[in-house]
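> no sequence for this one, just the structure:
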């Protein structure tokens, strides 16, 4: 499990031996998530927060310390100002730290590390340049990730460690990560499948191992991270062997605004017959497709509510999404030669939609997968029936904790 074995603890030991506090930052295009952690034998969360609508009207910071939640409405024109406000919150009287010097190490989530950044890396100019080189592969994410790193390095005088979504999937074999394209595209331009949501897939392993009573490196899992962005991964002996996302986060499952799998011939049709530019096609596939394209809403809850009211477009969007998950579930059971310890659901949809879990697993008792409806609806961690040989688990995700 790459992220946990070579992450912030190692950097902290080498930088500020008197401090055990780690700050984790996850910068999005208009948001900034943060978490402060106490490093030790068991990493403990100190506080967390979410900065929203950076660069827009109505920007705010939601800060959580213990049982107390504070919402501040403040003008945040860019990520630099946003981060300065976060620092003010952390260091104010009664805050969790006295100054930025108490931070031993800062961890950053970065979506795409390309073919070279396959493990956590202490950030320097070369690492920043490589993250920037990967911008064409993750144009919605890497620019914001890099911006967050650059602002944070100016504020926090300590080591900064980048943790890459793609790193968890770097153990995939060539027959999983290669495309059937001319090999020169891989050799000269690194065109291959990388996979994403690595920190989220990785952070499930400890809790899953605890629930199963088995060591992590013995587990065979099918992991379903289902949210507005969604992906699945399969691990064998604790090592990732395949995932649904590819060169970019567009491939795979139906998502809120992303199409997921689509025939590449559609792109040629849109360009040659409808006159779409490459930018228009990219926008269509990433921001105007998925649930939004099928029924007019990218919110899974709204889609399900409309489907239950008889909206045929919403019903189709829900059914198509579930069938895509089932398609990959079947493929991954084959990848494991039928020897699966657990199917794991996480993410906002995976954790909270009992009906989806039941629909995904319906009719699979011959494969050892069977859900207990009562357990599933009351929100237990284990929702499989007494007849199932494969566990069905609901494991909450804490991406910032996994990075720490």
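Looks like it arrived, so ask away. Just so you know, these numbers come straight off a predicted model, no measurement behind them. Numbering: from 1, shown residues only.

> what comes up buried for stretch 165-181?
Of all the residues in stretch 165-181, those buried under the rule 16 or more other Cβ atoms under 10 Å are 165, 166, 167, 168, 169, 170, 171, 172, 176, 177. Using the backbone N, CA and C atoms, a C-beta is placed for each residue, glycine as well.

> tell me which residues are up against it.
1-3, 109-114, 117-120, 185-186, 191-199, 201-202, 233, 239-243, 246-247 (Cβ atoms under 8 Å, 6 or more residues apart in numbering).

> can you tell me which of those residues are buried?
1-3, 109-114, 117-118, 120, 186, 191-199, 201-202, 233, 239-243, 246-247.

> circling back: same list (the buried residues of stretch 165-181) but as CSV, adding pLDDT and secondary structure.
CSV is the format used below for those (pLDDT from 0 to 100; DSSP: H, G, I helix; E, B strand; the rest coil):
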residue, pLDDT, secondary structure
165, 92, coil
166, 94, coil
167, 92, helix
168, 92, helix
169, 95, helix
170, 94, helix
171, 95, helix
172, 97, coil
176, 98, helix
177, 98, helix
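
> and the furthest pair within those?
165 and 176 (16.5 Å; Cβ to Cβ).

> where exactly do the helices run in the stretch 101-250 of the chain?
125-133, 142-155, 174-177, 183-189, 198-202, 204-212 (DSSP state H, counting those that start in this stretch).

> what's the closest of the ones you listed to residue 321?
With Cβ to Cβ, the closest approach to residue 321 among those belongs to helix 198-202: 18.3 Å.

> show me what that closest one packs onto, helices and strands only.
helix 2-5, strand 221-226, strand 230-236, helix 399-403 (3 or more Cβ pairs under 8 Å, 6 or more residues apart in numbering; DSSP states H and E).

> now do the longest one, average pLDDT.
This predicted structure assigns strand 230-236 an average pLDDT of 96.

> look at the residue located most distally from the centre of the chain and report its pLDDT.
Distance to the chain centre peaks in the chain at residue 273, reaching 35.7 Å (criterion: Cα atoms, centre = their mean). Confidence at residue 273, expressed as pLDDT, is 97.

> state the helix or strand in which residue 57 lies.
Using DSSP states H and E, no element contains residue 57; it sits outside every helix and strand.

> tell me the pLDDT of it.
At residue 57, pLDDT is 90.

> same check, this time on residue 41
At residue 41, pLDDT is 78.

> do the same with residue 78
90.

> try residue 16
Model confidence at residue 16, given as pLDDT, is 48.

> next one: residue 10
Residue 10 is given a pLDDT of 48.

> neighbours of residue 184, how many?
Using other Cβ atoms under 10 Å, residue 184 has 9 other residues around it.

> where in this structure is pLDDT low?
Applying pLDDT under 70 to the chain picks out residues 1-19, 398-404.

> show me it divided up by domain.
Per the record, the chain has its domains at 2-164, 211-403, by automatic domain parsing.

> next one: the residue nearest to residue 368 when sequence neighbours are not counted from residue 374, what distance?
Leaving aside its sequence neighbours, residue 368 sits nearest to residue 389 (Cβ to Cβ, 6 or more residues apart in numbering; 3.6 Å). Residue 389 sits 20 Å away from residue 374, going by Cβ to Cβ, to the nearest Å.

> and residue 51, by the same measure?
Counting by Cβ to Cβ, the gap from residue 51 to residue 374 is 40 Å.

> so residue 122 makes contact with residue 158?
No - counting by Cβ atoms under 8 Å, residue 122 does not reach residue 158; the two are 10.5 Å apart.

> what about the two, which has more around it?
Neighbour comparison, residue 122 and residue 158: the larger count goes to residue 158, with 22 against 14 (by other Cβ under 10 Å).

> from residue 97, how far out is the more buried one?
Plainly put, residue 158 is 12 Å away from residue 97 if you go by Cβ to Cβ.

> again with residue 125
Remark: distance between residue 125 and residue 97 (Cβ to Cβ) = 28 Å.

> what about the two, which has more around it?
residue 97 (18 against 7).

> how about that one, what does it touch?
Shown in contact with residue 97 (Cβ under 8 Å, 6+ apart): 21, 36, 90, 91, 103.

> now the buried members of those.
Buried, going by 16+ other Cβ under 10 Å: 21, 36, 90, 103, out of the contacts of residue 97.

> closest to residue 291 out of the residues you listed?
residue 36 (34.3 Å).

> grab the nearest non-local neighbour of the closest one.
Once flanking residues are discounted, residue 36 sits nearest to residue 46: 4.3 Å by Cβ to Cβ, 6+ apart.

> right, and the one you found touches residue 23 too?
No - with contact defined as Cβ under 8 Å, residue 46 and residue 23 do not form a contacting pair (9.5 Å).

> hey, what's in contact with both of those two?
36, 37.

> who's more crowded, these two?
residue 23 (28 against 16).

> confirm that that one sits in a strand.
Yes - assessed with DSSP: H, G, I helix; E, B strand; the rest coil, residue 23 lies in a strand.

> so who does it touch?
34, 35, 36, 37, 103, 105, 106, 107, 156.

> returning to that earlier point: reformat the domains of the chain as TSV; add distance to residue 181.
Converted to TSV, the domains of the chain look like this (distance: least, Cβ to Cβ, whole Å):
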stretch	distance to residue 181
domain 2-164	15
domain 211-403	10
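
> state whether the residue nearest to residue 36 is indeed within a strand.
Yes - using three-state DSSP, the assignment for residue 46 is a strand.

> packing partners of the top helix by length along the chain?
Ordering each helix of the chain by length in residues (DSSP state H) puts helix 312-335 first. On a contact count with 3+ Cβ pairs under 8 Å, 6+ apart, helix 312-335 meets strand 221-226, strand 230-236, strand 239-243, helix 290-295, helix 300-308, helix 354-361.

> look up how far residue 232 lies from residue 338.
For residue 338, the distance to residue 232 equals 17 Å [Cβ to Cβ].

> who's more crowded, those two?
More neighbours surround residue 232 than the other of residue 338 and residue 232, with 28 against 11 (other Cβ under 10 Å).

> so what's that one bridging to?
residue 224 (DSSP bridges).

> please name the bridge partners of the residue lying closest to residue 153 once chain neighbours are set aside.
Spatial nearest neighbour of residue 153, excluding adjacent residues (Cβ to Cβ, 6+ apart): residue 160 at 5.6 Å. Judged by DSSP bridges, the bridge partners of residue 160 are residue 106.
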